[in-house]
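A.B. asks: 3D model of this:
(one chain, ligands or ions: 1)
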Amino acid sequence: MVTKPAIVGGEFLLKEITPDQIFIPEEFDEEQRLIAESCIDFVETEVDPYFDALDNHQAGLMPSLLKKAGVMGLLGISIPEEFEGFGQSFVTNMKANEAMGSAYSFSVAFMAHTGIGTLPLLYYGNSMQHHKYMPRLATGEMLAAYCLTEPGAGSDANAGKTKAVLSDDGSHYILNGQKMWITNGGFADLLTVFAKIDNDRVLSAFLVEANTPGITMNPEEHKMGIKGSSTRQIFFNDVKVPVENLLGKRGEGFRIALNILHIGRIKLGATVLGGMRRAINNSVTYSGERKQFGSPLSDFGAIKFKLAEQVILLFSTESAVYRASKDIQDTIENNLEEGKSYGEANIEGVAEYEPECALLKVYGSESLDYIVDEMVQIFGGMGFSSEAPADRSYRDSRINRIFEGTNEINRLITVDSVMKKGLKHRIALFEKAREILAHIDLLEAVDFSGDYYRIKKDQIANLKKVVLILLPLAQDIFQRKLMFEEEILMNISDAIMNIYVVESTELRVEKLQMMDKKQIELYKDMLDVLTHSTVQKVHQAAFDAIGSIVEGEQLIPLVNALNKLTYAPAFNVKESRRRIANQLIDDGMYKF
Ligand SMILES: Cc1cc2nc3c(=O)[nH]c(=O)nc-3n(C[C@H](O)[C@H](O)[C@H](O)COP(=O)(O)OP(=O)(O)OC[C@H]3O[C@@H](n4cnc5c(N)ncnc54)[C@H](O)[C@@H]3O)c2cc1C
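C.D. replies: Residues are numbered from 1 along each chain as shown. Model (predicted):
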């Protein structure tokens, strides 16, 4: 039977749900674990030995590894069986991406091929296009790239100048223009190219075979990190694209590009988990081996702090990514049951959770950056040496805040998509928010004397109220000009993001308690530290926002309400972090 998600996208701000209504990573079944293990085995045996060779662009190495992954079925995990894939679910696909995520540049190439490279065709292609290309992409016979960005069109993707003109005989489009930063560009066989037909205001999408005459490219870009991934500028000079290779309808390209990016964002949230795991394992190993002042580094409190923070960031990202993934999967399955086509069901299923996808991209990429930065610090001078693994982790992490939409753009999307859902009455956002704002004097601090989980839920509910105060306030004061108040939007976005993550973590820990999980006290330590820091982050973000929205006397009731809603007593956060770090040190690797 198909499960209905408890809440639609963005609705977490309005409703409290129970642990049985979310999926947690401890619930992966045997098959999902086996698929993840196959990916991990592949990385360890086929990719790990070649990290240096990949970074040095050894000729043909990256495409040959991708093709090897194809032969083993790893490129087709989520592709339907009719196209020679394995038809696995959304959640399983995320798990596979996580498993591949520790493979540095290879994971970028893998993600580009299986995600932005393949999905436009899978979801928007017609039957002829599917049969011509899908099986070849699923098996790695053909490799794919996604060509949206141009020199003048990055974040503003619809500003592209690449142009398509129908030939006189109507048999093909003639493509002229330039794309840049194209991942897998150097070896991809099939390009999804976004271009405007004639003087259209919006983009269309085309499937372009890379060996078509008129396509040329610049040499590989010299990059700060992910040096092994191929990144090229591609030029289209009178390139003839058969009319049957128009993907979707004329003018549908921008929508295709955006919808594919939603998926890319949550996939990135899953992929960074693999990088986090590798970085944490290296951090704890080194801190146990390296001695200073007669003790291993891991004996020092300052290092334990870093190790504990690393663990909490991985655990919390993971909690949120798989919660959202399962909600998306359930929505897709419901869509299919309602009779929507495969493409529609998937696209709409993911688009429903647009706020969650955007915030997970930001939280995941920034968490990985923190983890690898502290890894460099734990390694000290060796962290700065290219002989040690911290160097590659650090350099390769940075791109995640830039591609799949920069983190600034994704922060804007988080707020914008939540507000749109409210304005369209898809969620009762403004109704609830106005009620809270109207009775702001009645808001109460949490009663910290009750049940452990009840307290946490009440704390999180109060943080949601903070956001529900900020949204209508900003909307009323700035109205249509709110979009120009980006600093405030960033504040609100940070609050929303941290609330989703802490709530996902709370629900996971509560569910683990119900499952009688061992070491539950350590999970509670993680939740305690995360809640403690989230309350402070939300307070800071809201305090900045309120002061930037209103002034004078108007500030008083708002600041009073904020102080009540974010009140939390002090506790021994140092000991909580120490216990988490000590467990990591005892285990010698991340095993939470
Ligand atoms: C290694 C690599 C691989 C890539 N792979 C691909 C690929 O395969 N296919 C593809 O099509 N593209 C790809 N890209 C492009 C990538 O998606 C863009 O770099 C990204 O979208 C940002 O665009 P930009 O570089 O032009 O930066 P800009 O848009 O110029 O942004 C510069 C800065 O300004 C900020 N900014 C811009 N607009 C706003 C705004 N309205 N409000 C607030 N801040 C704003 C940005 O957040 C950023 O901090 C890749 C890029 C890199 C570096």
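
A.B. asks: In a helix, Ile266, correct?
C.D. replies: Yes - checked against DSSP: H, G, I helix; E, B strand; the rest coil, Ile266 lies within a helix.

A.B. asks: In this structure it contacts Tyr322, no?
C.D. replies: No - here Ile266 lies out of contact with Tyr322, judged by C-beta atoms under 8 Å, at a distance of 10.2 Å. (Each C-beta comes from the backbone N, C-alpha and C, glycine too.)

A.B. asks: Let me see the domain layout of the protein.
C.D. replies: 11-142, 146-247, 258-409, 428-587 (automatic domain parsing).

A.B. asks: could you say which helix or strand contains Ala461?
C.D. replies: helix 452-478 (DSSP states H and E).

A.B. asks: Repeat that for Met224.
C.D. replies: Counting by DSSP H and E, Met224 is found in no helix or strand.

A.B. asks: and it, what does it touch?
C.D. replies: With contact taken as C-beta atoms under 8 Å, 6 or more residues apart in numbering, Met224 is in contact with Arg395, Arg398, Ile399.

A.B. asks: which bits of the stretch 351-500 of the chain sit near the ligand?
C.D. replies: Ile399, Ile402, Phe403, Gly405, Thr406, Glu408, Ile409, Glu486 (C-beta under 6 Å from any ligand atom).

A.B. asks: Name the nearest residue to the last one, ignoring sequence neighbours.
C.D. replies: By that I understand Glu486. Once flanking residues are discounted, Glu486 sits nearest to Leu412: 6.9 Å by C-beta to C-beta, 6 or more residues apart in numbering.

A.B. asks: For the one you found, give me its contacts.
C.D. replies: By C-beta under 8 Å, 6+ apart, the neighbours of Leu412 are Glu486, Leu489, Met490, Ser493.

A.B. asks: Could you tell me which of the residues you listed count as buried?
C.D. replies: Leu489, Met490, Ser493 (16 or more other C-beta atoms under 10 Å).

A.B. asks: and the strand or helix carrying the last one, what does it pack onto?
C.D. replies: In this structure, Ser493 is located in helix 486-514 according to DSSP H and E. Helix 486-514 is packed against helix 301-337, helix 354-379, helix 407-423, helix 452-478, helix 520-549, with contacts defined by 3 or more C-beta pairs under 8 Å, 6 or more residues apart in numbering; DSSP states H and E.

A.B. asks: Return the set of buried residues in it.
C.D. replies: 488-513.

A.B. asks: just stretch 332-341 next, same as before
C.D. replies: For stretch 332-341, burial by neighbour count (16+ other C-beta under 10 Å) applies to Ile332, Glu333, Asn334, Asn335, Leu336, Lys340.

A.B. asks: Pipe those residues into a markdown table and attach pLDDT per row.
C.D. replies: Below are the buried residues of stretch 332-341 laid out as a markdown table (pLDDT from 0 to 100):
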| residue | pLDDT |
| --- | --- |
| Ile332 | 98 |
| Glu333 | 97 |
| Asn334 | 97 |
| Asn335 | 97 |
| Leu336 | 97 |
| Lys340 | 98 |
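
A.B. asks: Now the residue of the stretch 101-250 of the chain found nearest the ligand, what are its backbone angles?
C.D. replies: Nearest to the ligand in the stretch 101-250 of the chain, going by C-beta to the nearest ligand atom, is Gly154, at a distance of 1.6 Å. Here is the backbone geometry of Gly154 (degrees, to the nearest 10): phi -110, psi -90.

A.B. asks: From Val108, how far off is it?
C.D. replies: 18 Å (C-beta to C-beta, to the nearest Å).

A.B. asks: Who has more neighbours out of these two?
C.D. replies: When neighbours are counted by other C-beta atoms under 10 Å, Gly154 and Val108 differ, and Val108 comes out ahead with 27 against 18.

A.B. asks: Apart from its neighbours in sequence, what residue is nearest the more buried one?
C.D. replies: Ser229 (4.3 Å).

A.B. asks: Under a three-state scheme, what state does the one you found occupy?
C.D. replies: Classified using three-state DSSP, Ser229 is coil.

A.B. asks: That one: what's it in contact with?
C.D. replies: Contacts of Ser229 by C-beta under 8 Å, 6+ apart are Met62, Ser105, Phe106, Val108, Ala109, Ala112, Thr183, Asn184.

A.B. asks: Repeat the analysis, applying 6 Å as the threshold.
C.D. replies: Ser229 makes contact with Ser105, Val108, Ala109, Thr183, according to C-beta atoms under 6 Å, 6 or more residues apart in numbering.

A.B. asks: do you know how far the closest residue to Ala581 other than its chain neighbours is from the ligand?
C.D. replies: Using C-beta to C-beta, 6+ apart and skipping residues adjacent in sequence, the residue nearest Ala581 is Lys304, 3.7 Å away. Per C-beta to the nearest ligand atom, to the nearest Å, Lys304 is found 34 Å from the ligand.
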